[in-house]
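Student: Sharing a sequence plus its predicted fold:
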Amino acid sequence: GFIGRHLVKALFDQKIASFIRVADKALPQTAYLSKEFKTYFDDPKLVEHKQANLSNPGHVKRAFKDDKGKYDWVINCAAETRIGQEERQYKQMVLDISVNCAKEAAAVGCERYIEFSSARIYAASKKPSKEGAKEKPWTTLAKYKLQAEAEIKKLKE
């Protein structure tokens with residue numbers, strides 16, 4: 001998605017990563033990548049793409065399978081972000097994806113799991129929210145992002 005492709009570019013441009021595996025339900029060829037982003041996704045030495053529905057635990061296992069060794073970082077940007085979807089769609093494509101990926105990252109010994117969330121998990125305010133602000137999700141997407149955060153925290157315990 002939009003955030004993920006920009007993250008891939010930033011990780012390489014800032015020399016933070018030497019190799020990235022992207023797991024997405026969409027193939028790069030159908031993701032409307034600009035020429036700028038295609039240069040990263042077209043180079044298999046930089047980016048390896050695995051097509052996967054990350055709400056399916058079997059697909060998650062396949063996306064994490066690697067004979068080269070464990071991952072240092074897993075950064076999950078995946079989520080249903082379209083407005084107006086049915087609640088079950090958000091549960092599957094937000095909560096299930098996040099929990100499935102976090103569990104598999106732990107199972108394969110990942111050093112750091114990073115979950116992208118949403119500022120909409122915090123109560124509406126005229127001031128910008130900070131970590132630790134009052135939580136009161138105001139969209140269905142945010143409701144499931146907050147649930148995902150809680151489930152991921154339980155995995156650490």
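Tutor: Okay, I see it. Residues are numbered from 1 along each chain as shown.
Student: And for the lowest-mean-pLDDT helix or strand in the chain, what's in contact with it?
Tutor: The least trusted helix or strand in the chain, going by mean pLDDT, DSSP states H and E, turns out to be helix 35-41, with a mean of 84. For helix 35-41, contacts defined as C-beta atoms under 8 Å, 6 or more residues apart in numbering pick out R5, V8, K9, F12, V22, P28, L33, L46, V47, H49. The C-beta positions use only the backbone N, C-alpha and C, and glycine is treated the same way.
Student: Which secondary structure state is assigned to the second one?
Tutor: Of the three states, V8 takes helix according to DSSP: H, G, I helix; E, B strand; the rest coil.
Student: Weed out the non-buried ones from the contacts of helix 35-41.
Tutor: R5, V8, F12, V22, P28, L46, V47, H49 (16 or more other C-beta atoms under 10 Å).
Student: Hmm, the fifth one is touching H49, no?
Tutor: To tie it back to what came earlier, the one meant is P28. Yes. Using C-beta atoms under 8 Å, P28 is in contact with H49, at 5.6 Å.
Student: can you count the residues close to the residue nearest to G1 when sequence neighbours are not counted?
Tutor: The shortest distance from G1 to any non-neighbouring residue, by C-beta to C-beta, 6 or more residues apart in numbering, is to C77 (6.4 Å). Per other C-beta atoms under 10 Å, the neighbour tally for C77 reads 18.
Student: go on, K91?
Tutor: 18.
Student: which SS state does the closest residue to it other than its chain neighbours fall under?
Tutor: Nearest residue to K91, sequence neighbours excluded (C-beta to C-beta, 6+ apart): Y144, at 5.8 Å. At Y144 the chain is in helix, as set by three-state DSSP.
Student: picking that back up, quick one: the residue nearest to G1 and A142, what's the gap?
Tutor: Separation of C77 from A142 (C-beta to C-beta, to the nearest Å) stands at 16 Å.
Student: Repeat that for S117.
Tutor: 8 Å.
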